[in-house]
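> okay, structure incoming, though there's no sequence with it:
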């Protein structure tokens, strides 16, 4: 997302060399959702550039390639997994978790495959899984079985909260597009580990997005008081205002937990002038 066109020149300096864009993004937020890794394993040189542009405590939550999660459905990941792990090695401690995003058809009958996959993963990383099959949200037994599998491997369940998006009909092209693509599942909030992860999708209307995240601000504040280290990703259908919204969410949580460290000061989008 650090190359997202609507941010260039508004929130991030423009023009900016590709090898500097992540550094500028990292002055706004201290974590990034690695969505591009879902579509293709990056080259090691690309990952080395990511490491150079970020501090050791910056958080990458990288999605496993879809060849593993969607095409092979976790069976015999073999060379795909080895190549991916070798590519991300330069990030070192920046890898906060590896994200197992599963297809909507991956249901309760597939939990054996997930359990076996988690057992074989290297213990050097933490893991988090995102499921979209409605049974995990509507069937108590299926939810308990999934939590048992994840907890047994020390893995987290990533909720993707789209309830605000689907609360009323879309009012923009981006919202209409999101309605056709995003999962429509109930909100789920319990954490399984000391590193909860939340994906929140609001609306293109800022006030509705902010109002919709109130329960999450309170939940995240509670996690922090318990000594957990949560990561929250704030999206809107067009993501045009996602950077300032993410910082606003952080401010809302900080109002509830004043000892939470502030985010860094963003790099100015424009150079300072004398007049």
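Thanks, I have it. This is a predicted model, so every value here is computed, not measured.
> show me the contacts for the residue nearest the centre of the chain.
Among the residues of the chain, the one closest to the centroid is residue 33, at 4.1 Å (Cα atoms, centre = their mean). Residue 33 makes contact with 1, 61, 63, 99, 199, 233 under the criterion Cβ atoms under 8 Å, 6 or more residues apart in numbering. For the C-beta atoms, the positions are set from N, CA and C on the backbone; glycine is no exception.
> tally of neighbours for the last one?
The one in question is residue 233. The local packing of residue 233 (other Cβ atoms under 10 Å) involves 21 other residues.
> check contacts around it.
Residues in contact with residue 233 (Cβ under 8 Å, 6+ apart) are 31, 33, 61, 197-200, 246.
> can you rerun that using 7 Å?
Residue 233 makes contact with 33, 198-200 under the criterion Cβ atoms under 7 Å, 6 or more residues apart in numbering.
> pLDDT score assigned to the residue nearest to the centre of the chain?
The predicted local confidence for residue 33 comes out at a pLDDT of 95.
> ok, the one 4 residues further on next?
The predicted local confidence for residue 37 comes out at a pLDDT of 96.
> okay, buried residues for the host helix or strand of it please.
Secondary structure here is read from DSSP states H and E; on that basis residue 37 sits in helix 36-39. Neighbour counts using 16 or more other Cβ atoms under 10 Å place 37-38 of helix 36-39 among the buried residues.
> would CSV of the contacts of residue 233 with secondary structure and distance to residue 71 be doable?
Putting the contacts of residue 233 into CSV (DSSP: H, G, I helix; E, B strand; the rest coil; distance: Cβ to Cβ, whole Å) gives the following:
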residue, secondary structure, distance to residue 71
33, strand, 21
198, strand, 27
199, strand, 22
200, strand, 28
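> between these, which is closest to residue 224?
Distances from these to residue 224 were compared by Cβ to Cβ; the smallest belongs to residue 198, at 12.8 Å.
> beyond the helix holding residue 37, next helix or strand please.
Downstream of helix 36-39 (by DSSP H and E), the next one is helix 44-52.
> which residues sit against that next one?
Helix 44-52 is contacted from outside by 19, 22, 87-88, 90-91, 94, using Cβ under 7 Å, 6+ apart.
> which of those residues count as buried?
Buried by 16+ other Cβ under 10 Å: 22, 87-88, 90-91, 94, out of the contacts of helix 44-52.
> what are the buried residues along the longest helix belonging to the chain?
Ranked by residue count and defined by DSSP state H, the top helix of the chain is helix 242-256. Applying a neighbour-count criterion of 16+ other Cβ under 10 Å, one finds 242-250, 252-254 buried in helix 242-256.
> now swap in stretch 215-234 and tell me
Residues of stretch 215-234 classed as buried: 216-217, 219-221, 223-224, 230-234 (neighbour count, 16+ other Cβ under 10 Å).
> ok, stretch 76-96 next?
Burial within stretch 76-96, assessed by neighbour count using 16+ other Cβ under 10 Å, is assigned to 77, 80-81, 84-85, 87-88, 90-91, 94-96.
> what of stretch 126-133?
For stretch 126-133, the buried set under the neighbour-count rule, 16+ other Cβ under 10 Å, comprises 126-133.
> next helix or strand past the longest strand along the chain?
For the chain, the strand that runs over the most residues, judged by DSSP state E, is strand 95-101. The first helix or strand that comes after strand 95-101 along the chain, using DSSP H and E, is helix 111-120.
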